[in-house]
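1. Need a 3D model of the sequence below.
(2 chains)
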Amino acid sequence: MWIAADYHFPSTYSCRIPMSSANCASVMPTPGPATVRLALLRVGIELFGLAIVREELFPHLRAATVRIRPPERVAISQQLIRGYKWSEARHKRGPIQESIIVREMAHAAGSMTVFLQIQQDAEHRMRRLLQAVPYWGQSSSLTSCLGVRSAPPLLEECALPLDLLDDTAPVRPYFSCPVTEFRSNQLSWEDIVPGAKMPKTSALRCDIYVWPMVTEYRHGTQKLLVRAPFFPESAVSRC
Amino acid sequence: MSENPQAPFYEMSFNVLAAWQAHSLSTSGSNGSNRVMPRRQLLADQSETDACSGNIAKHHHAALVAAYFAAEGSPLCPACRVGDGRRAAALLDRPEYGNLSFECIVCECALCDTHGFLVTAKNADSEMGTATRQKISKETLIDFSYALALPDRHAETSQLHTRNGASKEEGQMLMKIPARSGEYALCVRYQCAGIGADTEQWLLYVKDQAQREKRHRAILRTLRDTLVSPDGAQVATMLPHLTRLSGAIVVRTDVGRAPLYSALESNFVTCLQAMADETCQVYPFETIDAFYRLMNTFIATSVPALHPFWKISQPSNDTKEQRDDSGATATNNGAAVLPDVDSR
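-> Sure, this is the predicted structure:
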């Protein structure tokens, strides 16, 4: 079954594109699927405790199909912020160095919808998780859940991995970027939440995702993305 | 609000519309010119509006809350006592803090506990003779959004100022500094229940509720002061005129989120009120003094809620049980940490 949660962005937010520099960060219009799963895991520990999340919810969360419908309009601006750099290395020890960091910030109009395909027996807990997400990725990217309902996604309005789109469909006008996703639906808890003596494995992989959003306006470093369903609909017929 | 002297608050959100006149609270620097740039943000309706970053609001909140903590006898670590922005990470320089643990940081420093800290992980270095170090971190309990001016309710005037150079030869320098005015939508979220606790695994370390209440009161006092006496860049000569403060404070009394709604939407208070239920209380206010009175009531009557995990069993057993769940040891609370992902 599919459940859908609508989210309001009460202010600007910043979901960094993986592999973009932390000092000059480009952003995507919505969080990616791995960010959604990790946010739900974090909330799960708060609501139900570590043991229940690890034993009962984690298998559902790693196996769930995640689809994200972006807000109707997303405006992106570059912001200069002050950064501080400090190295522990003895030869570099000294005063903290100040530098300028460039970070894109997004502002959305309309709600974003997260769709999860889950087993029916997990529905009640998943609804509670979706309801309680406080932010996406970083704590300045505040979000507030407006409600959770049962509804399947309209795939032509959701961000999709490139390999799920029809080979012949034009993707050029649409926003696309790399996005992180869980490497497989068989990951263990220790892959995602490494213990003290466990080596970190690469639990995440990078996929190219395409958003059903096109650039309506661009001025300098500012741009405005507007939701435009994939066309023709057959472009997503393989999903 | 009832005058219950022990009203437990799990989380609060402040959804406000603040009118600031002739300010320059947050700027984008000068880009090497003699003109200070205002901060601008493109909104989704394609209008460009004035903005003040949440970074500067958080920075000034941290500075003021440290003073309140000191005044009320809440502990501060040596780094926070002198305003070192690295917080707990700066303690690595001190031999007496060679064995830093989450518990030690949270119990011994109210500011690290409130505004968060990060001690990075480190591999062993045989040349330097240093051992492996686990990451120890806590996320902030107070989140500030950007303050965004209502698109049709802001204006800017460029003011010519003079500034003295570093030496006589440099002489006087002309600077253009923007004086901005507008009505700004601002959101703040404060997770009261996280005081004295690890908010990733939800383990309570500061078990003395009186200590937690002291920290909570100081945080609320600072939030009150931050909104009625704005602080930021250029305030030495451009202290803003605060002419309006309205909005709604939302209190969640049990586990869950206090909803946030942007004051960029004219009906934001109505939307928040529609979300009220038995554990979600909405307190609208129309004036600065109403906000001040409301905050004073919260300061006098509210306490940070206990997470349900901490209520079920005795505190001493509680921590142990959850540690057993996580497999982490008493001093290694950074062991079960969600990895950094794309959006960090």
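2. mind listing what residue 146 touches?
-> Just going to use chain A. A:D6, A:Y7, A:H8, A:S111 (C-beta atoms under 8 Å, 6 or more residues apart in numbering or on different chains). From N, CA and C alone the C-beta is placed, and that goes for glycine too.
3. Chain B was what I was after
-> With C-beta under 8 Å, 6+ apart, B:Y146 has these contacts: A:S11, A:T12, A:M105, B:Q41, B:A51, B:C52, B:S53, B:G54.
4. Show me the beta-bridge partners of the fourth one.
-> Right, the one you point to is B:Q41. B:T49 (DSSP bridges).
5. thinking again about what came up before, now, the contacts of A:L146 that are in strands?
-> A:D6, A:Y7, A:H8 (DSSP state E).
6. between those, which is closest to chain B?
-> Closest approach to chain B among these (C-beta to the nearest C-beta): A:H8, at 6.5 Å.
7. Please name the bridge partners of that closest one.
-> With DSSP bridges as the criterion, A:H8 is bridged to A:S144.
8. give me the number of residues near it?
-> Counted with other C-beta atoms under 10 Å in any protein chain shown, residues neighbouring A:H8 total 21.
9. who's in contact with it?
-> When contacts are counted by C-beta under 8 Å, 6+ apart, A:H8 touches A:S111, A:T143, A:S144, A:C145, A:L146, B:L260, B:Y261, B:S262.
10. As CSV, the residues you listed with distance to A:A51 and pLDDT would be great.
-> CSV is the format used below for the contacts of A:H8 (distance: C-beta to C-beta, whole Å; pLDDT from 0 to 100):
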residue, distance to A:A51, pLDDT
A:S111, 33, 97
A:T143, 27, 96
A:S144, 28, 95
A:C145, 25, 96
A:L146, 30, 95
B:L260, 30, 96
B:Y261, 35, 96
B:S262, 37, 95
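11. List just the nearest of these to B:H23.
-> B:S262 (20.3 Å; C-beta to C-beta).
12. secondary structure class for that closest one?
-> With DSSP: H, G, I helix; E, B strand; the rest coil as the basis, B:S262 sits in coil.
13. Could you identify the longest strand within chain A?
-> Secondary structure of chain A per DSSP E: the longest strand is strand A:204-219.
14. any idea of the mean pLDDT for that one?
-> The average pLDDT within strand A:204-219 is 94.
15. Could you do stretch B:269-284 as well?
-> In the prediction, stretch B:269-284 has an average pLDDT of 96.
16. where along chain A do the helices fall?
-> Using DSSP state H, the helices of chain A run over residues A:33-48, A:50-52, A:58-63, A:123-131, A:189-192.
17. The residue in chain A that chain B sits nearest to: neighbouring residues, count only.
-> Nearest residue of chain A to chain B: A:G137, at 2.7 Å (C-beta to the nearest C-beta). Neighbourhood size, A:G137 [other C-beta under 10 Å]: 23.
18. can you map out the strands along chain A?
-> Using DSSP E, strands in chain A cover A:2-8, A:15-16, A:24-25, A:27-28, A:65-69, A:73-85, A:97-109, A:112-117, A:144-150, A:160-161, A:174-182, A:204-219, A:222-227.
19. Also the stretch 101-250 of chain B?
-> B:117-119, B:136-138, B:142-144, B:147-164, B:172-190, B:197-198, B:203-204, B:241-252 (DSSP state E, counting those that start in this stretch).
20. what's the most buried one of those strands?
-> strand B:142-144 (a mean of 26; mean count of other C-beta atoms under 10 Å in any protein chain shown).
21. Within the sheet, what are the partner strands of that strand, with directions?
-> Using DSSP bridges, strand B:142-144 pairs in its sheet with strand B:172-190 (antiparallel).
22. what are the C-alpha coordinates of the strand it pairs with, in PDB please?
-> What follows is strand B:172-190, C-alpha atoms only, in PDB (Å, rounded to 0.1, in the frame of the first residue of the first chain):
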ATOM      1  CA  GLN B 172      38.900  58.500   5.600                       C
ATOM      2  CA  MET B 173      36.900  55.900   3.700                       C
ATOM      3  CA  LEU B 174      33.400  56.300   2.400                       C
ATOM      4  CA  MET B 175      31.100  53.300   2.900                       C
ATOM      5  CA  LYS B 176      27.600  52.700   1.700                       C
ATOM      6  CA  ILE B 177      25.600  50.700   4.200                       C
ATOM      7  CA  PRO B 178      22.000  49.700   3.500                       C
ATOM      8  CA  ALA B 179      19.300  50.600   6.000                       C
ATOM      9  CA  ARG B 180      16.500  48.100   5.500                       C
ATOM     10  CA  SER B 181      13.000  48.100   6.900                       C
ATOM     11  CA  GLY B 182      10.300  45.500   6.600                       C
ATOM     12  CA  GLU B 183       8.100  43.000   8.100                       C
ATOM     13  CA  TYR B 184       9.900  39.700   8.500                       C
ATOM     14  CA  ALA B 185       8.600  36.100   8.800                       C
ATOM     15  CA  LEU B 186      10.600  34.100  11.200                       C
ATOM     16  CA  CYS B 187      10.400  30.600  12.700                       C
ATOM     17  CA  VAL B 188      12.200  29.200  15.700                       C
ATOM     18  CA  ARG B 189      11.900  25.700  17.000                       C
ATOM     19  CA  TYR B 190      13.100  24.700  20.400                       C
END
